[in-house]
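Student: Any chance you could fold what I've pasted below:
(one chain, ligands or ions: 2)
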Amino acid sequence: MAAVELIEIEKAFGATSVVKKLSLTVREGELVALLGPSGCGKTTTLRMIAGLERPDRGVVKLGGQLVDDGRAFVAPERRGLGMVFQSYAIWPHKSVFENVAYPLQLKGASNVEAAVKEALGWVRLEAYLHRRPHELSGGQLQRVALARALVGQPKVLLLDEPLSNLDVALREELRGEIASLRAKLGTTMILVTHDQAEALALADQVAVMNKGVIEQLAAPDVVYREPATPFVAGFVGGANVLVGEVQGTSFISEGVSFALPAGTVAPPGPHTLVVRSEDVVLGAEGPLLPLQARLFMGSATEYRLGLGDSVVRAVGSALSHARPGQLTPVSFRSVRLYAP
Ligand SMILES: Nc1ncnc2c1ncn2[C@@H]1O[C@H](COP(=O)(O)OP(=O)(O)OP(=O)(O)O)[C@@H](O)[C@H]1O
Ligand SMILES: [Mg+2]
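Tutor: Ligands and ions are numbered 1, 2, ... in the order given. So this is what the prediction gives:
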């Protein structure tokens, strides 16, 4: 059964339409990531699932039960959800124990102490029961927020950029922790993020959002390898997106003609060409583009080449002789073409 079902939900603030006829089904136990740039409507969508925002049109169902259709409305606290926000939203004057116990006390639950200790065990904070928030690190605070969201054993956990306030090392550690919590508890999760690595690493399905619509909903490897639109290719894979025209076996962009890789089939006319930076070959053949910058990234080096007003990025092993300003032959190993 679907844990969460959104049917053509819409939301506008004033004259600005923020979520447009968005439909999404999240199966029980699944982790779906809502991935997209700032302002694309991720948080608004999550808030409509939580009941913190009402859709203008459309239907929200949880566990098969209608919770909002514009008339019927189930209040947020009665939806069986847990929520974690980017800002930890931990009460500064309560101890770790009191923070995590709070939602249970609100519900008048019994056995609060045992439940809180168990939830703190899930996030490896058993030893921090009596600490105050100012005595905790950012990662520990975010774990308290996770424990507080999970203590009531919600059917669905909503996570809004839970890791983006943390430094890189902590973010990766907590990413692993969310994955193992999921394996342990089996909780359905919806994770909002603008970090493609986070979405690809954690999700069963990634919903790539752009301007209030889902442009693609698919497994991470499918989104990465077979992006449905140029936007998805550019946003998720960091691919180069070039606007231009197919002429015979060439692609013309910014007045520069690139040979299409053998086997590429496309009718002549305007297209958007998508090429991953690892599929851009430097120094072999093709038109000469000026090298603008070279960025050493450890396992690889990124090269940026000027193409009119835009930039072509190539990632590969180091070209020892490459200097900024140097004209470098550029060709494409494999591309995807999208008709307008
Ligand atoms: N209460 C509100 N009143 C007016 N406009 C709003 C309100 N909430 C959100 N918006 C606008 O709606 C759009 C979508 O906002 P939303 O917070 O859903 O984006 P987001 O994808 O979560 O972005 P971010 O990654 O920056 O958090 C933005 O343009 C935002 O300014
Ligand atoms: Mg947001």
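
Student: can you list the domains in the protein?
Tutor: Partitioning the chain according to automatic domain parsing yields domains covering residues 2-233, 239-338.

Student: Just name the most buried of those.
Tutor: Of all those, domain 2-233 carries the top mean neighbour count, a mean of 18, counting by mean count of other CB atoms under 10 Å. Every residue, glycine included, has its C-beta placed from N, CA and C.

Student: hmm, back to that, how about the domains of the chain in TSV, adding mean pLDDT?
Tutor: Formatted as TSV, the domains of the chain follow (pLDDT from 0 to 100):
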stretch	mean pLDDT
domain 2-233	93
domain 239-338	91
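
Student: which helices and strands does the helix or strand containing Pro329 pack with?
Tutor: Element membership of Pro329 [criterion: DSSP states H and E] is strand 327-332. Contacting strand 327-332 under the criterion 3 or more CB pairs under 8 Å, 6 or more residues apart in numbering; DSSP states H and E are the following elements: strand 256-259, strand 280-282, strand 288-296, strand 301-307.

Student: Now render these as JSON lines, adding distance to His271.
Tutor: Listed next are the helices and strands packed on strand 327-332 as JSON lines, based on distance: least, CB to CB, whole Å:
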{"stretch": "strand 256-259", "distance to His271": "12"}
{"stretch": "strand 280-282", "distance to His271": "17"}
{"stretch": "strand 288-296", "distance to His271": "20"}
{"stretch": "strand 301-307", "distance to His271": "16"}
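
Student: got JSON lines for those strands, with distance to ligand 1 too?
Tutor: Compiled in JSON lines, the helices and strands packed on strand 327-332 are given as follows (distance: least, CB to the nearest ligand atom, whole Å):
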{"stretch": "strand 256-259", "distance to ligand 1": "34"}
{"stretch": "strand 280-282", "distance to ligand 1": "29"}
{"stretch": "strand 288-296", "distance to ligand 1": "25"}
{"stretch": "strand 301-307", "distance to ligand 1": "25"}
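
Student: can you map out the strands along the stretch 1-150 of the chain?
Tutor: Counting by DSSP state E, counting those that start in this stretch, the stretch 1-150 of the chain has strands at residues 2-13, 16-27, 31-35, 57-62, 65-68, 81-84.

Student: Format those strands as TSV; extra columns: distance to ligand 1.
Tutor: Putting the strands of the stretch 1-150 of the chain into TSV (distance: least, CB to the nearest ligand atom, whole Å) gives the following:
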stretch	distance to ligand 1
strand 2-13	3
strand 16-27	4
strand 31-35	8
strand 57-62	15
strand 65-68	17
strand 81-84	14
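
Student: Could you dump those into CSV with distance to Ser137 added?
Tutor: Output for these, formatted as CSV (distance: least, CB to CB, whole Å):
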stretch, distance to Ser137
strand 2-13, 32
strand 16-27, 32
strand 31-35, 25
strand 57-62, 34
strand 65-68, 36
strand 81-84, 16
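
Student: list the contacts for Gln247?
Tutor: Taking CB atoms under 8 Å, 6 or more residues apart in numbering as the contact definition, Gln247 lies against Ser257, Pro268.

Student: what residues does the helix or strand following the strand holding Pro329 touch?
Tutor: Read in the C-terminal direction, the helix or strand following strand 327-332 is strand 336-338, with elements assigned using DSSP H and E. With CB under 8 Å, 6+ apart as the test, strand 336-338 has contacts from 227, 229-230, 233, 246, 251, 264, 266, 271-275.

Student: Could you do stretch 83-101 as well?
Tutor: Applying CB under 8 Å, 6+ apart, the set of residues contacting stretch 83-101 is 50, 102, 112-113, 116, 119-120, 125, 128-134, 136, 138, 141-142, 144-149, 151, 157-162, 164-165.

Student: Repeat that for stretch 20-27.
Tutor: 1-10, 32, 41, 45, 58, 156, 188, 190, 205, 207, 211-214, 217.

Student: Show me how far it is from its chain's centre.
Tutor: Chain-centre distance of stretch 20-27: 16 Å, with CA atoms, centre = their mean, to the nearest Å.

Student: Kindly report the same for stretch 109-121.
Tutor: 31 Å.

Student: Tabulate the CA atom coordinates of that stretch in PDB.
Tutor: As requested, the backbone C-alpha atoms of stretch 109-121 are provided in PDB (Å, rounded to 0.1, in the frame of the first residue of the first chain):
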ATOM      1  CA  ALA A 109       2.100   8.100  26.500                       C
ATOM      2  CA  SER A 110       3.200   5.700  29.200                       C
ATOM      3  CA  ASN A 111       6.700   4.200  29.400                       C
ATOM      4  CA  VAL A 112       8.200   7.400  28.200                       C
ATOM      5  CA  GLU A 113      11.600   6.700  29.800                       C
ATOM      6  CA  ALA A 114      12.100   3.400  28.100                       C
ATOM      7  CA  ALA A 115      11.000   4.800  24.700                       C
ATOM      8  CA  VAL A 116      13.300   7.800  24.900                       C
ATOM      9  CA  LYS A 117      16.300   5.600  25.900                       C
ATOM     10  CA  GLU A 118      15.500   3.300  23.000                       C
ATOM     11  CA  ALA A 119      15.300   6.200  20.500                       C
ATOM     12  CA  LEU A 120      18.500   7.700  21.800                       C
ATOM     13  CA  GLY A 121      20.100   4.300  21.300                       C
END
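
Student: Residues of this protein that sit close to ligand 1?
Tutor: Where proximity means CB under 6 Å from any ligand atom, the interface of the chain facing ligand 1 comprises Phe13, Val18, Gly36, Ser38, Gly39, Cys40, Gly41, Lys42, Thr43, Thr44, His194.
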